[in-house]
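K.L.:
sequence unavailable; structure follows:
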């Protein structure tokens, strides 16, 4: 299955872009999409209708390729002893960095463990306080229940006493009536 192409094909070649970059650099300018476009149009006969934004991406890609190739050439030109020394130094630096990070991690774990222990102790103290308060609440509830029973007993005794008092008042009233009757009868 053929890939779909998007947009119009460029009206320039990679070699033309490289030559345009060289022209711009020889003029002491910084290669960008605009500066390379101007150089390509003026010196290489590339049509003026090319898109500077698309050209900018191509210029950046070619710069990155050129830098990568330059780095590879510089490294390849080094003697084998230099590359071996760099690897050894890199290994020493890597070990030092890893040991440092490991120590930092160990310190962080210790600090986190201490914080967790402190929080667990605080939580344990709070739970003990809650148990103590719940025990006091239970004790007070039992005292309230006892006071409620005592109150009911006193109310029953008071009702009984009031009932007896009412009965005695009725008897006193009856006795007073009888006495008054007896006194009237005896006077007559």
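P.N.:
That came through, no problem. Small disclaimer: the values here were computed from a predicted structure and weren't measured.
K.L.:
which SS class is the most centrally placed residue in the chain?
P.N.:
The centroid of the chain falls nearest to residue 112 when counting by CA atoms, centre = their mean (16.6 Å). Secondary structure, DSSP: H, G, I helix; E, B strand; the rest coil: residue 112 is helix.
K.L.:
against residue 123, how distant is it?
P.N.:
16 Å (CB to CB, to the nearest Å). The way it works is simple: take the backbone N, C-alpha and C, and place the C-beta from them, glycine included.
K.L.:
residue ranges of the helices in this structure, please?
P.N.:
14-26, 33-44, 52-77, 80-187 (DSSP state H).
K.L.:
from these, which stretch is densest packed?
P.N.:
helix 33-44 (a mean of 19; mean count of other CB atoms under 10 Å).
K.L.:
what's it packed up against?
P.N.:
helix 14-26, helix 52-77 (3 or more CB pairs under 8 Å, 6 or more residues apart in numbering; DSSP states H and E).
K.L.:
could you dump these to TSV with distance to residue 140 and mean pLDDT?
P.N.:
As requested, the helices and strands packed on helix 33-44 are arranged in TSV below (distance: least, CB to CB, whole Å; pLDDT from 0 to 100):
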stretch	distance to residue 140	mean pLDDT
helix 14-26	91	92
helix 52-77	80	92
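K.L.:
can you put those in JSON lines and add distance to residue 34?
P.N.:
Shown next, in JSON lines, are these (distance: least, CB to CB, whole Å):
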{"stretch": "helix 14-26", "distance to residue 34": "10"}
{"stretch": "helix 52-77", "distance to residue 34": "5"}
